[in-house]
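Chemist: got a predicted model here, sequence first, then my questions.
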Amino acid sequence: MNYWLVKSEPFKFSWDTFVSKGGDMWDGVRNYAARNNLKAMKEGDLVFFYHSNEGLEIVGLAKVTKEHYPDPTADDPKWVVVDLVPVKKLNKPVSLAQIKADPVLQQMAIVRLSRLSVSPVTPTEFDRVMDLADEN
């Protein structure tokens, strides 16, 4: 199993909206590195849901239910989407400030590649974020 992080601006698509829909396709990615990360996602992989711009925190955990397929919102078939469903809201959101201050998480992609909307998370980083969220 692999772990990932996706970013969404809450005023456009929040965790609560995601939950109310019961999941959705993750569309609109137009960055090659983020697209390659979507292509690497496998069914069953776990995904942190991060509120960007407002909140700046990981708020929930989702799961990949369908691997990449062409993005129906794009004119070019090179762009892809995956389907995600919510697993759970984290007991405590984990802020970007917490991530940056934690020695275990300082090399996390969200710190090093802050503009990337879909990024990998190592197993060690995943476990540490879950600890910070009081999930273990």
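Modeler: That came through fine. Residues are numbered from 1 along each chain as shown.
Chemist: make it CA atoms for all contacts and neighbour counts henceforth
Modeler: Will do.
Chemist: tell me which element residue 25 is part of?
Modeler: Assignment of secondary structure by DSSP states H and E places residue 25 within strand 24-26.
Chemist: any buried residues in the very next helix or strand once past that strand, and which?
Modeler: In the C-terminal direction, the helix or strand that comes right after strand 24-26 (DSSP H and E) is helix 32-40. Neighbour-count burial for helix 32-40, counted by 16 or more other C-alpha atoms under 10 Å, picks out 34-35, 37-39.
Chemist: show me which of these is closest to residue 17.
Modeler: When the buried residues of helix 32-40 are compared for distance to residue 17, the smallest value, 21.0 Å, is given by residue 38; criterion: C-alpha to C-alpha.
Chemist: show me what the strand holding residue 25 is packed up against.
Modeler: Contact partners of strand 24-26 among helices and strands, from 3 or more C-alpha pairs under 8 Å, 6 or more residues apart in numbering; DSSP states H and E: strand 80-95.
Chemist: buried residues of the strand it packs on, list them for me.
Modeler: By neighbour count, with 16+ other C-alpha under 10 Å as the criterion, the buried positions of strand 80-95 are 80-87, 89-90, 92-95.
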